[in-house]
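[1] Could you look at this predicted model? Sequence included:
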Amino acid sequence: MGRGLLAGKVAVVTGAASGIGAAVVDRFLCEGARVIAVDVADQGPDRPGVLPITGDVADSAAWRRVAEAAREEFGRLDVLHSNASVVVRAPAHELAESDWDRQIAVNLKAAYLAIGACVGLLRDARGAVVLSSSVHAIAGLPSHPAYAAAKGGLVSLGRQLAVEYGPEVRVNTVLPGPILTPAWDGIGQEDRRRSAAGTAAARFGRPEEVAAAVTFLACEESSYVTGACLVVDGGWSAVKDSA
Ligand SMILES: NC(=O)c1ccc[n+]([C@@H]2O[C@H](COP(=O)([O-])OP(=O)(O)OC[C@H]3O[C@@H](n4cnc5c(N)ncnc54)[C@H](O)[C@@H]3O)[C@@H](O)[C@H]2O)c1
């Protein structure tokens, strides 16, 4: 049961069909928000309080449709959670240029497009933006060159947007660590075991645990937090096994 932390608010959540984005939609609804849920994938049956939009976050036309829906259907936009993501694993010298470009577009450029389309509404509502980065922004892991570059870019972009659009709009960034979502499908048991064991919490995180952090940054409980990064990784980035 929510505490009404987002009562009366309207939020956009991208990557809403799966994993963390789906958990954020559930939590936002629980907290009293209405949600414009954006994904390239089908989002299943209609749900009260959710306006699904099928679209590619790397496409500016999709963002125009999202902003128009917020304006026409709800007359406002209070929260933007830019969260959709793709990853193609390969070392830099083997990564196809098209895969580099696609990952930068979906993981980084999408946040710029989102702001371009939505910042007027967010300013009017004195709203909040929460970007989904990753611990890949602060640690090097094999075979993620474009993903890591995009996630690092989001940390800088979030800080920049906070400066640019304050005091009306707060902008913060979450950096999840290993969170068990469909993004881990196809990753072997041994790699999963090592990731969980590499946290101080000694386990994977749950999407709901990231949704709780996103909700905090989206609501008035974080009214004096902007330009900040919140690491949600069970202590993964704190753990080292050598001096
Ligand atoms: N799961 C983790 O361990 C982890 C760790 C660090 C950061 N993150 C970040 O958290 C966010 C959510 O990750 P997740 O694990 O829930 O991923 P996920 O793969 O479960 O979900 C991603 C969603 O994004 C959608 N999507 C992909 N490309 C899109 C596009 N172009 N336009 C619109 N939607 C698109 C997919 O259809 C999917 O529904 C991502 O930004 C990811 O980088 C996740």
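    Looks like it came in fine. Numbering: from 1, shown residues only.
[2] contacts and neighbour counts: CA atoms only from here.
    Fine.
[3] how many neighbours does residue 157 have?
    21 (other Cα atoms under 10 Å).
[4] Buried ones in the host helix or strand of it, by neighbour count?
    Per DSSP states H and E, residue 157 falls inside helix 145-165. Buried residues in helix 145-165, counted by 16 or more other Cα atoms under 10 Å: 145-155, 157-159, 161-162, 165.
[5] tell me the contacts of residue 131?
    Counting by Cα atoms under 8 Å, 6 or more residues apart in numbering, residue 131 makes contact with 81-83, 111, 154, 158, 171-174.
[6] If we only consider these, which is nearest to residue 125?
    Distances from residue 125 to the contacts of residue 131, taken as Cα to Cα, are shortest for residue 171 (13.6 Å).
[7] That closest one touches residue 229, doesn't it?
    No. Residue 171 is beyond contact range of residue 229, at 9.5 Å (criterion: Cα atoms under 8 Å).
[8] Those two: who's more crowded?
    Taking other Cα under 10 Å, residue 171 and residue 229 do not tie; residue 171 has more neighbours (29 against 21).
[9] now that one: how far from residue 78?
    Distance of residue 171 to residue 78, given as Cα to Cα, to the nearest Å: 12 Å.
[10] Quick check: neighbours shared by these two?
    Residues touching both residue 171 and residue 78 (Cα under 8 Å, 6+ apart): residue 128.
[11] picking up where we left off before, so which of the contacts of residue 131 are also by the ligand?
    By Cα under 6 Å from any ligand atom, the members of the contacts of residue 131 lying near the ligand are residue 83.
[12] Take the contacts of residue 131 and keep only those in helices.
    111, 154, 158 (DSSP state H).
[13] unless I'm mixing things up, the last one is touching residue 174, no?
    What that stands for is residue 158. No. Taking contacts as Cα under 8 Å, residue 158 lies outside contact range of residue 174: 9.9 Å.
[14] which parts of the protein sit against the ligand?
    When proximity is defined as Cα under 6 Å from any ligand atom, the chain approaches the ligand at 14-21, 39-41, 55-58, 83-86, 106, 132-135, 176-183.
[15] and these, which of them are in strands?
    With DSSP state E as the criterion, strands contain 14, 39, 132, 176 from among the residues of the chain next to the ligand.
[16] Quick check: the two most widely separated of those residues?
    Greatest spacing in these, by Cα to Cα: 39 and 176 (19.7 Å).
[17] so what's residue 184 up against?
    Counting by Cα under 8 Å, 6+ apart, residue 184 makes contact with nothing.
[18] Tell me the predicted confidence for it.
    pLDDT for residue 184: 97.
[19] Then residue 241?
    With respect to pLDDT, residue 241 scores 88.
[20] can you check residue 127 too?
    Residue 127 is assigned a predicted lDDT (pLDDT) of 98.
[21] cool, residue 38 as well?
    98.
[22] so what's it bridging to?
    Residue 38 has these beta-bridge partners by DSSP bridges: residue 14, residue 53.
[23] That one reaches residue 54, doesn't it?
    Yes. Between residue 38 and residue 54 there is a contact at 5.8 Å, judged by Cα under 8 Å.
[24] neighbour count winner among these two?
    Just comparing residue 38 and residue 54: by other Cα under 10 Å the higher neighbour count belongs to residue 38, 28 against 17.
[25] So residue 201 lies in a helix, does it not?
    No. Applying DSSP: H, G, I helix; E, B strand; the rest coil, one finds residue 201 to be coil, outside a helix.
[26] Number of residues surrounding it?
    Using other Cα under 10 Å, residue 201 is surrounded by 13 other residues.
[27] ok, now which ones touch it?
    Contact analysis of residue 201 by Cα under 8 Å, 6+ apart lists 234-235.
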